[in-house]
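J.: when you get a sec, could you give me coordinates for this:
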Amino acid sequence: IKYILIKATKKCFYVLLITSIIYGLVFKLKNLGDGEFKNYIQNYPIYYLAKTIKTYLKQENNDFIDLIPKEIKESNQAVQSKKLPNIVLFIGESASAMHFSSYGYTKPTNKYTETIKNIDYIPLAQSCRLYTYLSVPCIITGHDDDKYSHTAYQTSLISYAYFAGYDVFIVSSTDLIFGNFKDEFKYLKKIYLSKNIYDSDFNKSHDDFLINQLKEIASQHSERPKLILLHGIGSHFPYVDKVPKKYYDDFKDNRSSLKINYETHKGAYCSYLKGNSYDNHINWYDATIQYTDYLISEAIKTIQDKDYILIYTSDHGESFGAMGTTQACLHGHNNSEVWTVPFLIYTSNLFRSIHKEEFSNYEHNKNKINTLWRGHSVIFPSIMTLFREERFNYDLSHSLFRKEFNIMNETTGCYRFKNDHDLAQEC
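T.: Numbering: from 1, shown residues only. Here you go, the predicted model:
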């Protein structure tokens with residue numbers, strides 16, 4: 001695996017370098033001003049990919065910070081008196097909550113899950129960060145600070161779950177952000193990677209791979225509970241290649257309801273959308289949201305008769321200029337289209353009957369959420385609560401499954417929305 005990673009990284013680096021130089025020359029020849037040129041580059045997917053590779057290479061020289069207490073590692077086993085639930089953490093890609101019909105979007109993007117019982121779509125959740133290589137580590141380590149000096153290599157759910165008595169699985173159909181946690185791979189039961197995972201053009205992975213592997217894992221008998229980490233390609237640009245074409249049928253004739261003057265955005269900021277209409281890009285993006293919704297429904301069908309909880313969120317959202325921001329497209333921009341992410345929790349009937357205290361606390365706590373809140377920041381402590389391993393000595397006050405729940409409202413973090421008039425007013 002390490003050889004493949006190194007080989008793929010080198011190949012992507014040279015492709016990105018050459019492509020960036022070519023685009024740079026082209027736009028210099030078009031006499032773009034320095035500000036326009038900078039904005040173009042920072043909003044082009046190449047910039048994001050190059051930044052991810054740079055971060056990965058930099059991490060090779062950093063030490064892993066192991067936070068597992070010594071006495072637990074020496075015992076090498078969990079001390080449990082209660083049955084532990086199976087857990088699926090499904091992390092999507094570039095899915096903005098503003099395109100989910102479960103949150104009021106006018107198109108049928110959630111038609112597969114809307115009829116399923118035991119699902120809660122909790123609104124107004126925020127992402128940790130604007131890029132995958134920062135938000136995914138934040139989700140699985142619980143470190144939501146502004147410096148991120150060691151987030152990518154501190155102890156994650158992988159280690160904590162293992163020492164709580166879990167079999168841990170990773171299934172990924174996108175770039176291996178989990179590779180940041182290679183020091184913890186020894187605690188994995190198995191890792192499943194799509195054969196197309198290293199395609200630098202992001203054009204060949206479909207997330208049905210995640211569900212196929214989930215079905216295999218869920219069917220395996222084990223005396224130990226399972227933590228299954230799914231990470232998909234989701235709604236990453238270019239959208240047309242992320243979804244089977246049949247999911248486009250519900251959207252192909254739709255005109256966008258987003259209020260935007262596209263002429264002001266299609267220049268330096270969104271020129272990589274050339275060759276297709278703005279509405280068509282929106283429609284394909286909505287199709288990826290619906291396809292993810294279908295996959296969530298299939299995941300639920302796989303686990304619904306067993307003791308499982310499923311948590312779904314996206315690493316960040318995607319921007320199409322709905323708020324009138326000048327940086328209109330993709331992610332990495334400080335606006336609510338990018339910060340606001342879906343937050344879904346499914347609990348099976350068995351989970352509800354076996355883990356009555358945790359479920360009761362959750363039912364009470366979810367109703368407290370009526371304002372902007374740091375959704376990603378509660379995932380780690382919530383899952384840690386379900387491990388029932390007190391020796392970890394971790395602050396669980398932000399857990400949805402504890403009686404005392406600190407909601408982590410975003411009333412002091414409105415800087416995240418300073419470019420959005422509506423949310424600035426709310427703050």
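J.: and residue 379, helix, strand or coil?
T.: Secondary structure assignment for residue 379 (DSSP: H, G, I helix; E, B strand; the rest coil): helix.
J.: can you tell me the closest non-neighbouring residue to it?
T.: residue 139 (5.4 Å; C-beta to C-beta, 6 or more residues apart in numbering). Backbone N, C-alpha and C define where each C-beta goes, glycine included.
J.: pull the contacting residues for that neighbour.
T.: Counting by C-beta atoms under 8 Å, 6 or more residues apart in numbering, residue 139 touches 89, 91, 128, 313, 315, 376, 379, 380.
J.: list of residues touching the helix or strand harbouring the fourth one?
T.: Pointing back at residue 313 there. In the assignment (DSSP states H and E), residue 313 maps to strand 308-314. The contact list for strand 308-314, computed with C-beta under 8 Å, 6+ apart, reads 85-96, 125, 127, 139, 218, 234-235, 296, 299-300, 303, 341-348, 350-351, 375-376, 379, 382-383, 386.
J.: please apply the same query to stretch 210-224.
T.: For stretch 210-224, contacts defined as C-beta under 8 Å, 6+ apart pick out 86, 88, 90, 165-167, 169, 171-173, 190, 192, 226, 228, 230-232, 295, 298-299, 302-303, 306, 308.
J.: in that stretch, what counts as buried?
T.: Neighbour-count burial for stretch 210-224, counted by 16 or more other C-beta atoms under 10 Å, picks out 210, 211, 213, 214, 217, 218, 224.
J.: same check on stretch 183-193?
T.: Residues of stretch 183-193 classed as buried by neighbour count (16+ other C-beta under 10 Å): 183, 184, 187, 188, 189, 191, 192, 193.
J.: on that earlier part again, which of the contacts of residue 139 sits closest to residue 156?
T.: Distance to residue 156 across the contacts of residue 139 (C-beta to C-beta) is lowest for residue 380, with 8.5 Å.
J.: is it true that the closest one touches residue 136?
T.: No. Counting by C-beta atoms under 8 Å, residue 380 stays clear of residue 136, with 11.8 Å between them.
J.: higher neighbour count, these two?
T.: The residue with more neighbours, out of residue 380 and residue 136, is residue 136; 27 against 24, by other C-beta atoms under 10 Å.
J.: coming back round to it: and the buried residues of stretch 183-193, which is closest to residue 390?
T.: Taking C-beta to C-beta as the measure, residue 390 sits nearest to residue 187 out of the buried residues of stretch 183-193, at 19.9 Å.
J.: ok, that closest one - contacts?
T.: Residue 187 makes contact with 158, 159, 161, 162, 163, 168 under the criterion C-beta under 8 Å, 6+ apart.
J.: could you list the low-pLDDT ranges of the protein?
T.: Along the chain, segments meeting pLDDT under 70 span 1-17, 19-64, 74, 76-81, 144-153, 175-179, 195-205, 253-279, 321-334, 408-427.
J.: what is the host helix or strand of residue 161 packed up against?
T.: Element membership for residue 161, per DSSP H and E: helix 157-163. Of the remaining helices and strands, those touching helix 157-163 by 3 or more C-beta pairs under 8 Å, 6 or more residues apart in numbering; DSSP states H and E are helix 132-141, strand 167-172, strand 226-231, helix 375-387.
J.: next, format the ones you listed as JSON lines and append distance to residue 69.
T.: Formatted as JSON lines, the helices and strands packed on helix 157-163 follow (distance: least, C-beta to C-beta, whole Å):
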{"stretch": "helix 132-141", "distance to residue 69": "16"}
{"stretch": "strand 167-172", "distance to residue 69": "18"}
{"stretch": "strand 226-231", "distance to residue 69": "19"}
{"stretch": "helix 375-387", "distance to residue 69": "13"}
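J.: could you pull out the helices for the stretch 301-427 of the chain?
T.: In the stretch 301-427 of the chain, the segments counted as helices under DSSP state H, counting those that start in this stretch are 336-339, 349-354, 356-366, 375-387, 421-426.
J.: please identify the most buried of those helices.
T.: helix 336-339 (a mean of 26; mean count of other C-beta atoms under 10 Å).
J.: tell me what that helix is packed against?
T.: Counting by 3+ C-beta pairs under 8 Å, 6+ apart, helix 336-339 packs on strand 319-320.
J.: secondary structure class for the residue nearest to residue 318 when sequence neighbours are not counted?
T.: Sequence neighbours aside, residue 94 is the residue nearest to residue 318 in space, at 4.5 Å (criterion: C-beta to C-beta, 6+ apart). With three-state DSSP as the basis, residue 94 sits in coil.
J.: list the contacts of residue 94.
T.: Per C-beta under 8 Å, 6+ apart, neighbours of residue 94: 234, 235, 236, 237, 314, 315, 316, 317, 318, 330, 331.
J.: closest one of these to residue 283?
T.: The shortest approach to residue 283 among these belongs to residue 235, at 12.4 Å (C-beta to C-beta).
J.: let me see the ranges of the strands in this structure.
T.: Assigned by DSSP state E, the strands in the chain fall at 86-92, 119-121, 125-126, 167-172, 190-193, 226-231, 308-314, 319-320, 329-330, 340-341, 343-347.
J.: can you lay out those strands as CSV showing distance to residue 399?
T.: Shown next, in CSV, are the strands of the chain (distance: least, C-beta to C-beta, whole Å):
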stretch, distance to residue 399
strand 86-92, 13
strand 119-121, 16
strand 125-126, 15
strand 167-172, 20
strand 190-193, 27
strand 226-231, 16
strand 308-314, 12
strand 319-320, 31
strand 329-330, 33
strand 340-341, 19
strand 343-347, 13
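J.: so which of those is nearest residue 367?
T.: The closest of those to residue 367 is strand 119-121. By C-beta to C-beta, the value is 10.0 Å.
J.: which parts of stretch 389-396 count as buried, going by neighbours?
T.: For stretch 389-396, a neighbour-count test (16+ other C-beta under 10 Å) marks 389, 392, 394, 396 as buried.
J.: which residues touch the residue lying closest to residue 317 once chain neighbours are set aside?
T.: Spatial nearest neighbour of residue 317, excluding adjacent residues (C-beta to C-beta, 6+ apart): residue 96 at 3.2 Å. Contact analysis of residue 96 by C-beta under 8 Å, 6+ apart lists 314, 317, 318, 319, 337, 338, 340, 341.
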